[in-house]
Every structure is written in structure tokens, then in C-alpha cells.
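Enquirer: Give me the fold of what follows.
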Amino acid sequence: MPTIKQISTKKQLSDIALDVSWAKVSQRYFGKSASWIYNKLNEVDGNGGKGGFTDEEKTTLKNALYDFAERIRNTADKIH
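Expert: Got it, this is the predicted structure:
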């Protein structure tokens, strides 16, 4: 049976990657530093080994993006 190739989180975020302050996402939703999230996005750990987001962190990231999208929508709705 063929294996299903996993698409990296970074690749999945490519459409918005340049429009989002990942340092702020890291700080606000994870309580972590900018370097932490960039290491996660680049799938390396702090020591240069293989890393990436855990399933729990992926859920947090997903919810962070939902929250961020809602905040953007609410802000846009206030413009008259």
C-alpha cells in the first residue's frame, strides 16, 4: 500500500506566511519566542535536529488562525 506523503506545516501556510507576524502568533497563542515558532515551521528543534509541531501544537496553531481570522473580520466590519 502506498504511503501518503505528509505536507509540511510551512507549505500548508504558504498562502499567508508573509502576511502574518509569526513572532506575535508564537507569543500570543503559545507563550513562546519567535525563534521557537520559526524552528517549528522549519521542522527543526533548538539543537538543529528534526522537529516540527506536535499534534497538540497543530491544534493550537489551527485555533490561533481561526481566532486571528475572526479578529480581522471583526475589525473589517468596523470600517465605515
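
Enquirer: Report the central residue of this protein.
Expert: Taking Cα atoms, centre = their mean, the centroid of the chain lies closest to residue 61, which sits 5.0 Å from it.

Enquirer: That one is in what secondary structure piece?
Expert: Following DSSP states H and E, one finds residue 61 within helix 55-77.

Enquirer: related to what we said a few turns ago, residue contacts, the residue nearest to the centre of the chain?
Expert: Neighbouring residues of residue 61 by Cβ atoms under 8 Å, 6 or more residues apart in numbering: 9, 25, 29, 53. Bear in mind the C-beta positions are built from the backbone N, C-alpha and C, glycine included.

Enquirer: Any chance of the backbone angles for the last one?
Expert: Yep, that's residue 53 we're talking about. phi -80, psi 140 (degrees, to the nearest 10).

Enquirer: and the gap between it and residue 72?
Expert: When distance is defined by Cβ to Cβ, to the nearest Å, residue 53 is 23 Å away from residue 72.

Enquirer: the more surrounded of these two?
Expert: Legend: neighbour count by other Cβ atoms under 10 Å for residue 53 and residue 72, higher for residue 53 (18 against 10).

Enquirer: To what extent is the residue nearest to residue 22 when sequence neighbours are not counted buried, counted in neighbours?
Expert: Spatial nearest neighbour of residue 22, excluding adjacent residues (Cβ to Cβ, 6 or more residues apart in numbering): residue 37 at 5.0 Å. Other residues near residue 37 come to 21 when the count uses other Cβ under 10 Å.

Enquirer: This completes my enquiry, with thanks.
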